[in-house]
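Peer 1: Could you work out the structure for the sequence below:
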Amino acid sequence: MPPTLLSLHNVYKTFGGLLAVQDIGFEVIRDTVVGVIGPNGAGKTTVFNLITGSIKPDSGKVIFLKKPITGLKPHSIVNKGIARTFQTIRLFSKLTVLENVLSGCHTRMEAGLVASILRLPSQRREERKFIDRAMDELEFVGLESKWQHPADSLAYGDQRRLEIARALASDPQLLILDEPAGGMNEQETIKLGDLIRKIKKRKITVMLIEHDMSFVMDVCDKVVVMEGGLKIAEGSPMEIQKNQRVIEAYLGVDDENGY
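Peer 2: Here you go, the predicted structure:
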């Protein structure tokens, strides 16, 4: 069986007396795409925030690469190999497309302050290396021709792909995407699905939250379903589509598509 990359064990989180996440536990296997679904308020984004260090759990453990990362700061978790995007686009809007991706490389840069101030050869070599890396990621997501454009000049779908390129530039083993297809039209969503499959081929594991069920069932290998802070089901897309509790709690029934 492929090795486990990430696991959550009995994780709880409350906000002002509201139990947002209750006894959550599941595993993410390497080189897979895992979807986390559920109604609004189910606790999905809270789980992602707990994994990436934006908030700390009240109890429980988050294990990555067989080591605990529970409660670490976000920059430490990025250094360990987890990158993410957010539900709301968070780009440096006035910087260029290239500069935005370069900002994702900063955790891998080694040149010190003195080398940077004096523009020593070692610093210039590193800068060139990361510019090349950033351009490679822009080519990967299909934005290489727009590298000089301000980020806020891009169409919505391109901005989403730019966020993914920036996350990939940090060299993650796990990429976490919070509603990546939100606001996209049909063609943009199809392109996003193709991009996620390309990311998986790079041996980068993907976790995503998404409300577009057709998209989830198409790209995910495993689906975790939450309701009211609880995990109510997990399994393959086919298993989830047939799970009566999931149908009643969230998916509903569609005679044409079956979900």
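Peer 1: check contacts around the residue nearest the centre of the chain.
Peer 2: When Cα atoms, centre = their mean is applied to the chain, the residue found nearest the centroid is I176 (1.5 Å). Neighbour list for I176: F48, I51, T52, I82, A83, R84, T85, V206, M207, L208 [criterion: Cβ atoms under 8 Å, 6 or more residues apart in numbering]. Where C-beta positions appear, they are placed from N, C-alpha and C, glycine not excepted.
Peer 1: who's it bridged to?
Peer 2: R84, M207 (DSSP bridges).
Peer 1: So for it, what's the pLDDT?
Peer 2: With respect to pLDDT, I176 scores 97.
Peer 1: Same question for C220.
Peer 2: For C220, pLDDT reads 97.
Peer 1: State the phi and psi torsions of it.
Peer 2: C220 has phi and psi values of phi -90, psi 140 when expressed as degrees, to the nearest 10.
Peer 1: Could you report the neighbour count for it?
Peer 2: Other residues within reach of C220, judged by other Cβ atoms under 10 Å, total 23.
Peer 1: How about G17?
Peer 2: Using other Cβ under 10 Å, the number of residues around G17 comes to 5.
Peer 1: swap in the one 3 residues further on?
Peer 2: Other residues within reach of A20, judged by other Cβ under 10 Å, total 22.
Peer 1: Identify all contacting residues around the helix or strand where I77 lies.
Peer 2: Using DSSP states H and E, I77 sits within helix 74-80. By Cβ under 8 Å, 6+ apart, the residues outside helix 74-80 that reach it are I51, T52, G53, S54, F64, L65, K67, I69, L72, T107, S170, P172.
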